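> predicted model follows, preceded by the sequence.
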Amino acid sequence: MTFFHFFNCAALTFGPHAIYYKATPLSEYDTFNTCIKAAIVYLTTTFLKLVCLATFVQVSEHDTGFDLPQELLKGLIGFLDVAGLYYALTQVSHRSISQTHKFQAVALGWAFADAVLHRLAPLWVGAKGLEFTWEYLLQGVEANAHLVFTVSLAALGSLMWLRKNKPSALVPVIYASAAVVASMPSVVSYLRKGLAWDFEKVVSFELSASIVMAFVSWRLFSACQRPSQ
């Protein structure tokens, strides 16, 4: 029973990444190397974030709740993810693949590395326990929301940094949408610590917000793909 629960949680956490790769043209265009390069950029970016957090963020021995200055500093450091995505999209060499396939491959490799780094060890230790808990299933749902957020941010990033002839009227909307997605970790932190939301409500918010931002980014990407009149 414990291994079965672990398998279900692991499938929910990591399965959608494999399905995304196989069910889309990414597998047909052999973008696996791009996914691997994006994962390496993610790991490097995460290491830099950890160094910055250890250097600049104060760690209290007691849980003081939501500390606004510290959370703002964490949010600012979190924007290193945007810099990492920029590097992965624009500076890392890719095969001759389209812009559409490039941002999806980068986002998939980035999100999978994030899921492995932050969720594999807790799943291995906790989901094999004797007592059933919904926590690890919810972590799997949260990983899926993060996948959607990452794809959305990569799509918006490709419009900002790779798409030259986009409609000028959409440029502010693209940048504002990217800022919303990039600041989502800070929003979630406020909901957890500032408003004391429980994990179920937080995951529900993340899932709902990821669907909304995926729709917005898809509409913007489609609008920018249309030939200018």
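Yes, it's here.

> quick one: low-confidence ranges for the protein?
1, 60-64, 94-95, 127-132, 227-229 (pLDDT under 70).

> now do the same contact list for the most centrally placed residue in the chain.
Residue closest to the average C-alpha location in the chain (C-alpha atoms, centre = their mean): Thr150, at 3.4 Å. Residues in contact with Thr150 (C-beta atoms under 8 Å, 6 or more residues apart in numbering) are Ala107, Trp110, Ala111, Asp114. C-beta coordinates here come from the backbone N, C-alpha and C atoms, glycine included.

> go with 7 Å
Residues in contact with Thr150 (C-beta atoms under 7 Å, 6 or more residues apart in numbering) are Ala107, Trp110, Ala111.

> quick one: the helices in this structure, in order.
Under the criterion DSSP state H, the chain contains helices at 2-23, 32-56, 68-78, 80-90, 99-126, 135-161, 171-182, 184-189, 199-225.

> go through those helices and pick out the most buried.
helix 135-161 (a mean of 22; mean count of other C-beta atoms under 10 Å).

> what about it, distance to the chain center?
Between the centre of helix 135-161 and the centre of its host chain there is 4 Å, according to C-alpha atoms, centre = their mean, to the nearest Å.

> next one: stretch 20-33
Here stretch 20-33 is found 19 Å from its chain centre; the criterion is C-alpha atoms, centre = their mean.

> quick one: terminal-to-terminal distance for that stretch?
16 Å (C-alpha to C-alpha, to the nearest Å).

> try stretch 193-201
End to end - C-alpha to C-alpha - stretch 193-201 spans 13 Å.

> now do stretch 191-199
10 Å.

> cool, stretch 91-101 as well?
16 Å.

> again with stretch 20-27
9 Å.

> got a list of contacts for it?
Outside stretch 20-27, the residues that reach it (C-beta under 7 Å, 6+ apart) are His101, Gln104, Ala105, Leu108.

> next one: the last one from Leu123, what distance?
As judged by C-beta to C-beta, to the nearest Å, Leu108 and Leu123 stand 20 Å apart.

> chain center to stretch 39-55, what's the gap?
So, by C-alpha atoms, centre = their mean, the centroid of stretch 39-55 is 15 Å from its chain's centroid.

> need the contact list for Ala223.
Pro167, Leu170.

> nope, Gly78 is what I was after
Taking C-beta under 7 Å, 6+ apart as the test, what Gly78 contacts is Pro185, Ser186.

> possible to save the contacts of Thr150 as TSV with distance to Ala88?
Shown next, in TSV, are the contacts of Thr150 (distance: C-beta to C-beta, whole Å):
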residue	distance to Ala88
Ala107	9
Trp110	7
Ala111	12
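
> ok, the residues you listed vs Ala178, which is closest?
Ala178 lies nearest to Ala107 out of the contacts of Thr150, by C-beta to C-beta, at 13.0 Å.

> now the closest one. Nearest residue, chain neighbours left out?
Ala154 (3.7 Å; C-beta to C-beta, 6 or more residues apart in numbering).

> need the contact list for that neighbour.
Ala154 neighbours (C-beta under 7 Å, 6+ apart): Leu85, Leu89, Phe103, Val106, Ala107.

> and with 10 Å instead?
By C-beta atoms under 10 Å, 6 or more residues apart in numbering, the contact list for Ala154 reads 38, 85, 88-89, 102-111, 178, 181, 217.
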